[in-house]
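J.: show me how the following folds:
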Amino acid sequence: MMSGVLYALLAGLMWGLIFVGPLLVPEYPAVLQSMGRYLALGLIALPLAWLGRAQLKRLARRDWFTALGLTMMGNLIYYVCLASAIQRAGAPVSTMIIGTLPVVIPIFANLLYSRHDGKLSWMRMAPALLCTAAGLVCVNIAELSHGLPDFSWWRYSTGIGLALISVVCWAWYALRNARWLRDNPDKHPMMWATAQALVTLPVSLLGYVLACLWLNGQGQSFPLPFGPRPAVFITLMIAIAVFCSWVGALCWNIASQRLPTVIVGPLIVFEILAGLLYTFLLRQSLPSVLTLTGIALLVIGVVVAVRAKPQKPQLQALQQDPAK
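T.: Model (predicted):
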């Protein structure tokens, strides 16, 4: 249990870096950043796949299709939406919206996987939902009063909408990925992380080419294929691919294999707190009292969600039919 929590903490520290990446290269379209990140990840996975080819051969065709679906939803689509949201609505608001995942994931785990890992009491989950909602309101108010560059209500609202899509994508990814790992305890988490990175390569390569063709067709003076700051862009994509995508995914896979689905979900809060920390370090400013209040409410909501222990399926059956 403790080792699983520590691996989730390390994954959160790695994943927190993705919230500052789009701020370091704001002139790059989100789709180019997403495809560049996962193209770098796919290339890094090639030598790792060669070394682990014996284990990868044990995967069935349906496992590869599962890996492809996971990488599309949890990697490519998720990051395109998140990077766009950060550029439009700002990092703190986008980070806090992603911060609803610790509560959203247990809710869907309750609905989809309670027969495997047990069910959480909805009464115990209600305070977590209220605290999370209040925290989001506080941070949104603080960011609007802080002021955003090139602010417009349309840009801000679409940014929030894209962040919500990111939540849906990652919630699905976290639940489906954790379920596969729990159903396949004989498969090593590193092998599964390599498989997902490997199927990312052809998809991200095609996506990068299409993104370049789209940008070229827009008639914009955007130097292709690596933009106006190629050295910075390539270095950043490689760094995010190694630390966020590879190391982060490996640590999260280990945590997912060692912890129940309804418990590992709330631990995504480590990513949110790390993202907020890195964002304010980049700004070289302290968060406002209202922002700190929102963060505190989020943490309280997650603590409440984690402390709500799932009820085992056998116990549920006994309570429903005491004669058993």
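J.: from here on, just use CA atoms for contacts and neighbour counts.
T.: OK.
J.: ok, Trp153 to Ala89 distance?
T.: From Trp153 across to Ala89, the span is 9 Å (Cα to Cα, to the nearest Å).
J.: which of the two has more neighbours?
T.: Ala89 (28 against 10; other Cα atoms under 10 Å).
J.: could I get the contacting residues of that one?
T.: 148, 155-157, 159-160 (Cα atoms under 8 Å, 6 or more residues apart in numbering).
J.: and the residues you listed as TSV, adding pLDDT?
T.: Converted to TSV, the contacts of Ala89 look like this (pLDDT from 0 to 100):
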residue	pLDDT
Leu148	62
Arg155	84
Tyr156	85
Ser157	89
Gly159	89
Ile160	90
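J.: hmm, Gly12 and Ile268 touching each other?
T.: Yes: the criterion here is Cα atoms under 8 Å, and Ile268 meets it with Gly12 at 6.4 Å.
J.: in strands, which of the contacts of Ala89 appear?
T.: Counting by DSSP state E, these place none of their members in strands.
J.: what subset of those residues is buried?
T.: Burial by neighbour count, 16 or more other Cα atoms under 10 Å: within those this picks out 155-156, 159-160.
J.: low-confidence stretches in this protein?
T.: 110, 112-122, 146-151, 261-263, 265-266, 305-324 (pLDDT under 70).
J.: give me the most central residue, it.
T.: Nearest to the geometric centre of the chain sits Trp170, at 5.3 Å (Cα atoms, centre = their mean).
J.: hmm, Gly74 and it touching each other?
T.: Yes: counting by Cα under 8 Å, Trp170 does reach Gly74; the two are 5.1 Å apart.
J.: surely Pro185 is within a helix?
T.: No: read with DSSP: H, G, I helix; E, B strand; the rest coil, Pro185 is coil and lies in no helix.
J.: just give the nearest non-adjacent residue to it, would you?
T.: Gln257 (7.2 Å; Cα to Cα, 6 or more residues apart in numbering).
J.: contact partners of the helix or strand containing the one you found?
T.: Following DSSP states H and E, one finds Gln257 within helix 248-258. If you take Cα under 8 Å, 6+ apart as the criterion, helix 248-258 is touched by 1, 3-8, 10-12, 14-15, 177-178, 181-182, 185, 189-190, 193, 264.
J.: so which of those belong to strands?
T.: Going by DSSP E, the strands hold none of these.
J.: and stretch 3-11, how far out from the chain middle?
T.: Offset of stretch 3-11 from its chain centre (Cα atoms, centre = their mean, to the nearest Å): 15 Å.
J.: what is the neighbour count of Asp183?
T.: Other residues close to Asp183 by other Cα under 10 Å number 11.
J.: for it, give its distance to Leu130.
T.: Counting by Cα to Cα - Asp183 and Leu130 are separated by 33 Å.
J.: same check, this time on Gly159
T.: Between Gly159 and Leu130 the computed distance is 23 Å (Cα to Cα).
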